[in-house]
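K.L.:
Build the 3D model from these lines:
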Amino acid sequence: MDPSSGGQHAFKSDEEQARKLKRIHLKQLNLNEAGTEPAKALDSSLKRHTALIKRLRQSLGTENHDQIMKDIESLSLEKYVDEIAGAVVEGMARCKTEKDVWSAVEIISALHRRFPKSFTPGLVSSLQAALAPPSRAALSALSQEQREKEDSTRVTRQRPILRVCSELALVGIIRDAPDRSGGEWMMKVIKDLLSNDPSLSSLPLLSTFLKSYSLPYLGLSPPQASKQISAASEPGTLSEETTMVASGAFPPLVKEEDELVEKDIRDRFKKMCEGYFESVSKKLVIEHNRLQEQDRKNHEAYIRSGEIFEDRQQAYEKMTKGYEKLLASCQTLSELLYLPMPTLKAASHKTESIQIGTSTGISLDADGELEDTIRGGKWEDEEERRFFEDIPDLKDYVPKGVLGVEEDEPDKQEDAAEKEQRAKAKVDEEVRQLEEELAGLEASQNGDVSGAPTVIDGRLEDGEGEEDDDAATPTAGTPKTSPPSTPQLTAQGPSQLLTALLARLPDVTNRAGIDQAAVDFAFLNSKAARKRLVKFFSQTPKSRTDLLPHYSRLVAILNKYMPDIGVDLVNVLDEEFRYLQRKKNVVKELSEVRLKNITFLSNLTKFSVVPPHVILHMFKVCLDDFSGTNVENLALLLEGCGRFLLRSEETQQPFSKMLELLRRKQGMRHLDQRQMLLLENAYYQCNPPERTAKEVKQRTPMELFIRHLIYDVLTKKTIDKVLKLVRKLDWNDQEVQRTLHKVFTKPWKVKYGNVPLLAMLTYDLQRYHPAFTISVVDQVLEDIRRGLEQNVYSINQRRVATMKYLGELYIYRLVGSGIIFDTLWTLVTFGHPEGRPVPGQPSPLDMPDDFFRIRLVCVLLDTCGMCFDRGTQQKKLDNFLTFFQYYVLCKDPLPMDVEFMLTDSLELSMYKTFEEAAIAVDEMFNAAFQNAGISTGDDSGDDSGDEDERREQQEEEDGDRPTSEFPADERAPSPEAVLLKSSSTQEKIGPSEDDDAEFAKELAKMVMESSSETRKVDKKTALALWETTVPPPGMRKKRVDETDEDVDRTGEGQRVMNFTVFTKRGSKQQTRQLAIPAESTLAVQTRTAQLQDKVEQQHLKRLVLNYEQREEAEELKALETRNRAGAIKIRYVG
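P.N.:
Predicted structure coming up:
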């Protein structure tokens, strides 16, 4: 024996012996001193009595024990006995620990000794009511969740009361008789709790009771530590052996008179608990098997459909939760009762339960039956399979005598075998005829299917067999006339019940309701009832096709034991189908009847009510006359039951040949678009093409992080944070650069409203990574060009986002206005002969009915068109808009949305006709040619009157024009626009942008300092300095007038140059003339400088006067050259 375990058992033995001694002592007090009056005078004050009752309600635990015992001994309490009994029950519920329970027992014992007749009976009845099981009626009215919550609350409330009551029964307060203990009372209470609990919610109460009171009430003691519990032990025997075996912890020599509970009660109590454990064990085994079966079904469903449906998954999780709870409770009982756990099967799938076929795509179960796999199953999903296959058996709900199962069983089996043989023979005959027809089609592929109506009539006559030729032609939607069933032949009660059942059938649209309706009809089964049911089904309203699957399920349930229902209904539908074939020229009026007929037959086929040869014959009839309504009939048949027929073993071969024949006839016939679409959709729904699983692109964590930053995090509030994170990336890593380039050049992947933010982020990165920004702009322009060359409809949204992105890049000064205008002109000229669209000459890249380029132009103008509102850029925009209107009038009449977009974007009066726009375009080009001629012929610029105005206008335009890293605003004389990657060369030639910014900052600071110093100069001093340095006005005017007379002024003919010398005597200024010979060095240099200044001034005047004319002429010349040569070509140099 393990020493530690032996010591533990010894310790438990001492504790149990101490508890027993305490109970015996308290029991003697309760029996001997019950009803004794206190010797001292008692207090009857209301205040102390109220305080005591309040304290009792709060708790009977150890914290209030001493004060309550003192009050019980000192207060009278006679008038408050009933109120005290209620307060004791309420305070008892708050005793959680063992010490609190014993404290409550001592308090109740003290009250019992004082008032054994008035207090104890009321308390016992209150405790019995508190431990009563819940009402079944009340629980049935609650939902499952509410019931579980109520059970949990009840167990929590009853657990401390049960422990206190167990102690009270041991100390002689609760007694079955004056000379007996309260063991019988306790056993009855626990039995009521367990017997009225099918959900085992009271099982924790039994576990609580056994943990503390298994020895006094059941006589159970723990086994020796050296012995193991045998798995072969029978329930009910181990406990007896345990109590009989001598243990070192509990000595076997115990006197019976020292026991607190009688031996017969202990034996009965123990037998009751062991019986309950046996029931719990059986339920555990059942739940374990159910869980294993459900797990197996889930595994098979996953193999078939590739997923486990949500309802099945939730049911499995709920079942697992309940099983785990039951298993834990059963293990607890096993440990407390010292009984072995039941044997549970290993949680593993049976190897024979499912096998996945590698070649056929089909799985076999243990019985060799075909099971569906992920691809190619009979059913589209698990729900459809359950609806058509999980059919209840009426034998489980209806007595066999009502169904007539035991009558003529061998004859029925023989009839079924004969029917199966006949059906198989008919199917083989259909296959043989289909093979002959396919061979005929292969021999003559171009032959038409002639004489189809004759064939159909012949097939119909052959199929009808021995039908009566004089039979009346049925009307659409009505079955054969059956002998009327009179109410007199049937009892009035069943007839009324059947009428009520048929009346409620149109409202039953779920599986459970239809199954119940089948059971109800089985109890009303008779020949007349079956005929009424068939007639009711055949008269289903043609607009209620939603009822047909449920009606088919009802027929399938009844057909097993009432086969005449299925046979009669199939005959009615077959005859209706033949009638519709004869009335195939009536298309519109009978369309809904055809839909109802085919849908009903398809659903009955999937329930295996319609024999295979019947539905295949109908399919063959429609194939023979492959035209008109039969095309729609074929489509409905394929959608309704084609998948089932193609994947059923019995019909797979003939139906696959029919499908092959259908595809060949479909290729040979010239069907309209609607019929082609119907057949294509139905065929691919019946036989979907094989598709490989879509591969998920694997991305690195860094790529995922960058995509998350740009696509998810980037907003107006977080753009600074995103910029910092992007800058912190490893830009030297080529993978990071490649990912960033992909993200920044695909604006269509961000939200459309975030495209400006992406451009702003690109602008912020320009300062740190200029080469990256250039590559982004290059890629954007390349994407625009590629979109024009491909003109694929699927990337139109990408092109819109890219155009929006280009406009935002211009707003943030990453591209110049020249690129914007080049893009606009490219949009309206690319792909057209000589770069000019003509109404009568459509371009394959820009058809007259393709208005997408108009949308792109509007997007670009809406984004950055407001920037071209002054100077030459406004004139460029006006010229483009004139040509753009000409381009729009070359198209077909605009759709309403494009017209509204155009009106909102331009906001100007449009040309009404193409002639007006053509004249305006011609005038624009003529004016451009004239301006080009003026700029080349005139070289004079003496008119200096508006020189300052032109210079201010030029400076204003230069200030308003966005500065760019790409000096492409000035158009080259060549038709090719050259875009220089000049960022790297600029960095080498001059200072960088950082140096320029620092220089500007220092210059502004120096100017501010110098200006502040000059303000400190005294006003008088400044005026005196001004007067001393500047000549008087009269002298300045005189000097200007005499400027032309500086040379050759003397009469002797000597060439001199006059200079004015300023002198000052005191505060008076004086001047005098000084004649210098013209040949002197001073005179020559002065005259040369004056001439140079005058030449430079005249040159600047010419440049200013001719700047605008020269620029406009060059642009128009380049535009005309480009229009002649084709679209604009952009190449990148540098």
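
K.L.:
Looking at the protein, which helix is longest?
P.N.:
Criterion DSSP state H: the longest helix present in the chain is helix 1081-1125.

K.L.:
Counting by contacts, list what it packs against.
P.N.:
Contact partners of helix 1081-1125 among helices and strands, from 3 or more CB pairs under 8 Å, 6 or more residues apart in numbering; DSSP states H and E: helix 871-889, helix 914-937, helix 947-960, strand 1056-1065, strand 1068-1077. Just so you know, the C-beta spots here come from the backbone N, C-alpha and C atoms, and that holds for glycine as well.

K.L.:
between that helix and helix 871-889, what angle do the directions make?
P.N.:
Relative orientation of helix 1081-1125 versus helix 871-889 (axes from the mean of the first three to the mean of the last three CA atoms, to 10 degrees): 10 degrees.

K.L.:
sorry, back to before: quick check: which of the helices and strands packed on helix 1081-1125 is buried the most?
P.N.:
Across the helices and strands packed on helix 1081-1125, averaging neighbours per residue (mean count of other CB atoms under 10 Å) puts helix 871-889 on top, at a mean of 19.

K.L.:
Other residues contacting that helix?
P.N.:
Residues external to helix 871-889 that are found in contact with it (CB atoms under 8 Å, 6 or more residues apart in numbering): 817, 821, 824-825, 828, 837, 839, 854, 857, 865, 867-868, 894, 902, 906, 908, 910-911, 913-914, 917-918, 920-921, 924, 953, 956-957, 960-961, 1108, 1111-1112, 1115.

K.L.:
Checking the nearest residue to Arg699 once chain neighbours are set aside next. Helix, strand or coil?
P.N.:
Closest residue to Arg699 apart from its sequence neighbours, by CB to CB, 6 or more residues apart in numbering: Arg707 at 7.5 Å. The three-state assignment at Arg707 reads helix, by DSSP: H, G, I helix; E, B strand; the rest coil.

K.L.:
what do you get for the one 3 residues further on?
P.N.:
Reduced to three states with three-state DSSP, the structure at Ile710 is helix.

K.L.:
which ones are touching it?
P.N.:
In this structure, Ile710 makes contact with 722, 743-744, 750, 758, 761, judged by CB under 8 Å, 6+ apart.

K.L.:
Could you rerun that using 10 Å?
P.N.:
If a contact means CB atoms under 10 Å, 6 or more residues apart in numbering, then Ile710 has 722, 726, 739-740, 743-744, 746, 749-750, 754, 757-758, 761 as its contacts.

K.L.:
out of these, who has the most neighbours?
P.N.:
For those, neighbours were counted by other CB atoms under 10 Å; the highest total belongs to Leu758, with 26 neighbours.

K.L.:
Which of the three states applies to it?
P.N.:
Using three-state DSSP, the secondary structure recorded for Leu758 is helix.

K.L.:
Please look at it and Tyr805 and confirm they touch.
P.N.:
Yes - between Leu758 and Tyr805 there is a contact under CB atoms under 10 Å: 6.9 Å.

K.L.:
Between those two, which contacts overlap?
P.N.:
Overlap between the neighbourhoods of Leu758 and Tyr805 consists of 744-747, 750, 776, taking contacts as CB under 10 Å, 6+ apart.

K.L.:
Inside helices: which ones of these?
P.N.:
Secondary structure of these is defined by DSSP H; positions in helices are 744, 776.

K.L.:
rank the helices and strands packed on helix 1081-1125 by pLDDT, which is bottom?
P.N.:
Least confident of the helices and strands packed on helix 1081-1125, judged by mean pLDDT, is helix 947-960 with a mean of 43.

K.L.:
what's near enough to touch Leu806?
P.N.:
By CB under 10 Å, 6+ apart, the neighbours of Leu806 are 747, 755, 759, 777, 780-781, 783-784, 814-815, 819-820, 823, 856, 859-860, 863-864.

K.L.:
go again using 7 Å as the cut-off
P.N.:
When the contact criterion is CB atoms under 7 Å, 6 or more residues apart in numbering, the partners of Leu806 are 780, 784, 823, 860.

K.L.:
what's the answer for Ser552, then?
P.N.:
Under the contact definition (CB under 7 Å, 6+ apart), the residues listed for Ser552 are 600, 603-604, 607.

K.L.:
let's go with 8 Å and repeat that
P.N.:
Contact criterion CB under 8 Å, 6+ apart gives 600, 603-604, 606-607, 609 as the residues in contact with Ser552.

K.L.:
Just the ones in helices from those residues, please.
P.N.:
Of the contacts of Ser552, the ones assigned to helices by DSSP H are 600, 603-604, 606.

K.L.:
picking that back up, tell me the pLDDT at the residue nearest to Arg699?
P.N.:
Predicted confidence (pLDDT) for Arg707: 93.

K.L.:
Could you measure from it over to Lys721?
P.N.:
Distance of Arg707 to Lys721, given as CB to CB, to the nearest Å: 16 Å.

K.L.:
ok, now Arg48?
P.N.:
From Arg48 over to Lys721 the distance is 70 Å, taken as CB to CB.

K.L.:
With Ser125 instead?
P.N.:
Separation of Ser125 from Lys721 (CB to CB) stands at 72 Å.
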